[in-house]
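**Student:** how would this look folded up:
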Amino acid sequence: MSISSRIAIANMSAELGADFALFEADDKVMDYVKARTDEPFKPVFADKDAKYEAEYKMDASKLTPKVACPHLVGNVKDVTEMAGTKIDQAFLGSCTNGRYEDLAIAASILKGRKIHPDVRLIVHARLAGGLPPGVERRPVEIFNNAEALITNSTCGCCGGNQMGVLGQERSDRH
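**Tutor:** Numbers count the residues shown, from 1 in each chain. Here you go, the predicted structure:
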């Protein structure tokens with residue numbers, strides 16, 4: 001699992017009511033940290049005799065694509081359940097889950113196309129620390145060309161803050 005995926009899962013766990021979530025440091029985590037600092041560091045691990053109230057193991061490779069539907073991020077449905085649903089607004093990403101990998105996939109789908117004029121696509125990239133090393137800014141250019149709205153990484157649409165609640169289109173808009 002990518003570091004970006006781990007960060008998103010740990011951050012989004014709060015949406016599920018967790019006080020915290022973490023991934024134990026492995027070689028990938030160690031390489032990630034070493035590439036970002038010259039300072040010495042030592043990972044922290046649980047004691048070998050640690051006892052847990054509950055332990056959960058999940059095979060993330062078996063998860064299917066999901067869509068968060070209005071009006072809560074927890075209103076999640078399998079993407080196949082939503083096929084054929086008319087939308088007025090779509091929201092890609094979030095402050096914790098606008099992963100570059102997801103944005104690149106969406107950009108490859110949108111390349112050379114325009115967003116339907118009756119739909120507002122809001123792209124919310126979580127690019128803390130900038131783009132991954134060696135990555136070009138091509139997805140952003142594709143979203144711009146498709147006429148998507150690209151926002152800053154902040155609390156926004158998910159909670160209905162400064163960009164408004166994603167929901168039913170007003171009938172007086174046209």
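
**Student:** Please name the nearest non-neighbouring residue to A104.
**Tutor:** Closest residue to A104 apart from its sequence neighbours, by Cβ to Cβ, 6 or more residues apart in numbering: P139 at 5.3 Å. From N, CA and C alone the C-beta is placed, and that goes for glycine too.

**Student:** quick one: contacts for that neighbour?
**Tutor:** Contacts for P139 (Cβ atoms under 8 Å, 6 or more residues apart in numbering) come out as Y100, L103, A104, A106, A107.

**Student:** 10 Å - rerun?
**Tutor:** Residues counted as contacts of P139 (Cβ atoms under 10 Å, 6 or more residues apart in numbering) are 100, 102-108, 110-111, 123, 125, 131, 150.

**Student:** ditto for S108
**Tutor:** Counted by Cβ under 10 Å, 6+ apart, S108 has contacts R138, P139, I142.

**Student:** distance of the second one from M58?
**Tutor:** I take that to be P139. 28 Å (Cβ to Cβ, to the nearest Å).

**Student:** Quick one: the helices in this protein, in order.
**Tutor:** Assigned by DSSP state H, the helices in the chain fall at 3-12, 27-34, 100-110, 138-145.

**Student:** Mean pLDDT lowest where, among the ones you listed?
**Tutor:** When those are ranked by mean pLDDT, helix 3-12 comes last with a mean of 80.

**Student:** List just the nearest of the contacts of S108 to H71.
**Tutor:** Closest approach between the contacts of S108 and H71, by Cβ to Cβ: P139, at 27.7 Å.
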